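Participant: sequence unknown, structure follows:
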């Protein structure tokens, strides 16, 4: 197998190797050199996770999360990748740091989330840093110890501000890691701190629009596609902002129906030109963070116009009452990966610019056009290939190639788009290289 | 299992978990924090491999190689660890580098070595760098393409000097990686180059003494042992320089016999005090690089005095005619690891300060006191544990712990000693922290 920078993971797909994946595998060195250069000009955020959909003819990111939860879902075999990546990234952003403060979400009853927090804490501790968890939860005024189903325990301490620093007890380290997506807005306690906040406050969902991310992603794939000579459409979901829209008050829905119609027509045109025998569909979701709510898959403009009351309520309900105004209208990408007959969506995890693991989001009750981030989903860690089907280095380099490599490339393109969002927010966006 | 910075590898040992290994596993966070701090003060060399011997009551390094060959023996599953580590290390030492020049050994007929070179080249290419191989081989005046048993091909180009830079064709990158241990002396072409030479010229075997390394190692373990409260003897092979000695001319042998006697007596004393029911033995080897030659395992002073002519010749024969003068007299450490009934010695590979893989050196014709780096040996890559015996994160943290962790710790202590050798050679040796 070719050497690869992405852990040797397996896709659930068992069909013939797809053209795009082969093409990416054949250009590993150019791709890695290009990504390395871009990330050296525009540093990757501390971490990120990217949801992908693989339609065979198209492989695209549909969600880029800069506050990833789910580290507990990564395969334990891959733990040392995450530890090494965390150490590299922390020493890059904060060479003198001996400790890291994590600011989590306020979900004290969500044990899945807390197991994630424990896993993240362990990764950073194992990288050789003291880690404390400083919670912004209202009413927390003493340390709170939470016993986890795994048998581990987690201590949340109330986050304090002292001058221009935040910390707990007498722990005010130079690196502060946000694992809270700030859907509730910019917390005052974090404004103008002199510590390094990862990622910066400007990237919370309060400030961030998915359409901005996909605009950056589209610029990234435009440049990348020139490097390896592919059609950028193959890896880019067409995306458009539409709004303001209120599903509750039924305002802006005609405009939304028009946007859906146009997106369906454009997609159909591309399908026709390229002999793709699928029926186009469109995803409509809130342009701000959603936690899998306020999202729908539509196949015609009527689907938008004829929503019933329950559906309209669902599209209006977002985390912590965030106002739904702008919507993202996005070309739907089929997902043809299945695990045990259930539809599966790969989610790729990165720390710094390195892929550190992945899992499948699996939903037994959903189809290829549905959003899988919804009740009933479960996770399936992707491990290294089992011993029996390991690649054999004595074979030709193109034998048994690592099919997951393509996912790691697309996920890192989305991460680069996020890095450029951060650079844009702080006013220093370098140009993208597009010559091979 | 506890999170660990060392890949999840398995030892060949199947007995009960040893006390030392448990102790190290129980202090993971302190150990990692301490190592991280030491390596931030004293950067690790670009790469290294360490041979270990595990006697159960003692776990110690016996050889630290700063020009490791054998990257082809690492398990392909672990390739992405090496790629990430290489990218981190290169961007640390040479942030602007886009390419790396490798200067190899001159073994064009040793296909094992050339497969190693191909693997090393692939790792660095996959990290996103252009890689060329510049050979110092005499008589090479045009590119030489070598077909490898793996089906790959390697191109060696003649190394050229232009002003204060070395390179091939018009490739003169900022990073130059030595994979040649310089047993033949300091090549003039590499003197005073303005590129970053990794590791520095001073660390070639021409300048380096094993006893210096073990002196640094002993200082490292003295400080480390205080951190986790162990007897440093448990991880430190007693080592002494003895010489000058000429086996051919039979000079200095009485002095050597005395040193062996003293080492045997000291070891016996420790064994008696600690109820270790083993017979002490001593390793005598050249204090400079040897490639597994000029080495013997002795159980009494008579073994040294009564060498026959053939044995004396062997002790005088070293790579490229290097002069044997100083000898290392070292406490012998039994190796009780076995694979399929054959004696096995773990070899741990690191890039920068990160463990990236390991394999066993296995010798079917040797015993627990023998040097295994000799004709007849073979290599067995250590992979991640097989799926069926994977640790279960839902168990207590001390269940099924990663037994290989201890090896990764000891190997990194030896690497830290090498880093301190480099710092010492360049005149800036910082103090070691020894408070927990």
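Facilitator: Thanks, I have it. None of the values given here were measured: they were computed from a predicted structure.
Participant: could you use CA atoms for every contact and neighbour count after this?
Facilitator: Will do.
Participant: give me the element residue A:34 is part of.
Facilitator: If you go by DSSP states H and E, residue A:34 is part of helix A:28-41.
Participant: so that helix, near chain B or not?
Facilitator: Yes. Using Cα under 8 Å from any Cα of the partner chain, helix A:28-41 reaches chain B at A:28, A:29, A:30, A:31, A:32, A:33, A:34, A:35, A:36.
Participant: could you list the buried residues of that helix?
Facilitator: A:28-39, A:41 (16 or more other Cα atoms under 10 Å in any protein chain shown).
Participant: got it, and stretch A:249-259?
Facilitator: Residues A:252, A:253, A:256, A:257, A:259 are the ones in stretch A:249-259 that count as buried (16+ other Cα under 10 Å).
Participant: residue A:22 is in what secondary structure piece?
Facilitator: Using DSSP H and E, residue A:22 sits within helix A:19-26.
Participant: with residue A:224 instead?
Facilitator: helix A:210-228.
Participant: which SS state does residue A:61 fall under?
Facilitator: Secondary structure assignment for residue A:61 (DSSP: H, G, I helix; E, B strand; the rest coil): strand.
Participant: can you check the pLDDT for it?
Facilitator: In this model, residue A:61 is scored at 96, pLDDT.
Participant: residues in contact with the closest residue to it other than its chain neighbours?
Facilitator: Distance criterion Cα to Cα, 6 or more residues apart in numbering or on different chains; nearest residue to residue A:61, sequence neighbours excluded, is residue A:52 at 4.3 Å. By Cα atoms under 8 Å, 6 or more residues apart in numbering or on different chains, residue A:52 lies in contact with A:59, A:60, A:61, A:62, A:63, A:345, A:346, A:347, A:348, A:407, A:411.
Participant: you'd agree residue A:52 is in a strand?
Facilitator: Yes. Under three-state DSSP, residue A:52 falls within a strand.
Participant: distance of it from residue A:295?
Facilitator: Using Cα to Cα, to the nearest Å, residue A:52 is found at 16 Å from residue A:295.
Participant: specify the beta-bridge partners of the residue in the stretch 201-350 of chain A positioned nearest to chain B.
Facilitator: Across the stretch 201-350 of chain A, the shortest distance to chain B (Cα to the nearest Cα) belongs to residue A:350, at 12.0 Å. Here residue A:350 sits in beta bridges with residue A:48, residue A:355, as judged by DSSP bridges.
Participant: what about it, neighbour count?
Facilitator: Each residue near residue A:350 was counted by other Cα atoms under 10 Å in any protein chain shown, and the total is 27.
Participant: and the gap between it and residue A:416?
Facilitator: 11 Å.
Participant: same question for residue A:169.
Facilitator: According to Cα to Cα, residue A:169 stands 36 Å off from residue A:416.
Participant: higher neighbour count, those two?
Facilitator: Set side by side, residue A:169 and residue A:416 show more neighbours around residue A:416, with 25 against 12, by other Cα under 10 Å.
Participant: dump the residue contacts of the residue nearest to the more buried one when sequence neighbours are not counted.
Facilitator: Sequence neighbours aside, residue A:44 is the residue nearest to residue A:416 in space, at 6.4 Å (criterion: Cα to Cα, 6+ apart). Counting by Cα under 8 Å, 6+ apart, residue A:44 touches A:352, A:353, A:415, A:416, A:418, A:419.
Participant: what's residue A:44 sitting at in phi/psi?
Facilitator: When quoted as degrees, to the nearest 10, the phi and psi of residue A:44 stand at phi -60, psi 150.
Participant: spell out which parts of the stretch 1-150 of chain A neighbour chain B.
Facilitator: Near chain B, when you scan the stretch 1-150 of chain A using Cα under 8 Å from any Cα, you find A:3-8, A:28-36, A:76-81, A:83-85, A:88, A:98, A:122-123, A:125-130, A:149-150.
Participant: quick one: which of those residues sit in strands?
Facilitator: Assigned to strands by DSSP state E, the following of the residues of the stretch 1-150 of chain A next to chain B qualify: residue A:130.
Participant: and the buried ones among the residues of the stretch 1-150 of chain A next to chain B, selectable in ChimeraX?
Facilitator: The following ChimeraX line selects those of those that are buried, judged by 16+ other Cα under 10 Å:
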select /A:3,4,5,6,7,8,28,29,30,31,32,33,34,35,36,76,77,78,79,80,81,83,84,85,88,98,122,123,125,126,127,128,129,130
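Participant: out of the residues of helix A:28-41 next to chain B, which is nearest to residue A:310?
Facilitator: residue A:35 (44.6 Å; Cα to Cα).
Participant: now do the closest one, the pLDDT please.
Facilitator: For residue A:35, pLDDT reads 95.
Participant: all helices for the stretch 151-300 of chain A, in order.
Facilitator: Along the stretch 151-300 of chain A, the segments classed as helices by DSSP state H, counting those that start in this stretch run A:210-228, A:253-273.
Participant: does the nearest residue to residue A:226 once chain neighbours are set aside belong to a helix or a strand, and which?
Facilitator: In space, and not counting its chain neighbours, residue A:226 is closest to residue A:434: 6.0 Å by Cα to Cα, 6+ apart. For residue A:434, there is no host helix or strand (DSSP H and E).
Participant: surely residue A:434 and residue A:220 touch.
Facilitator: No. Applying Cα atoms under 8 Å as the test, residue A:434 and residue A:220 come out as separate, 9.2 Å apart.
Participant: these two: which has the busier surroundings?
Facilitator: residue A:220 (22 against 15).
Participant: can you pull the pLDDT of residue A:224?
Facilitator: Note on residue A:224: pLDDT of 97.
Participant: do the same with residue A:53
Facilitator: Predicted confidence (pLDDT) for residue A:53: 90.
Participant: now swap in residue A:283 and tell me
Facilitator: For residue A:283, the pLDDT comes out at 93.
Participant: ok, it - how many residues close by?
Facilitator: So residue A:283, with other Cα under 10 Å, has 22 neighbours.
Participant: nearest residue to it in space, please, no chain neighbours.
Facilitator: residue A:297 is the one closest to residue A:283 (Cα to Cα, 6+ apart), at 4.6 Å.
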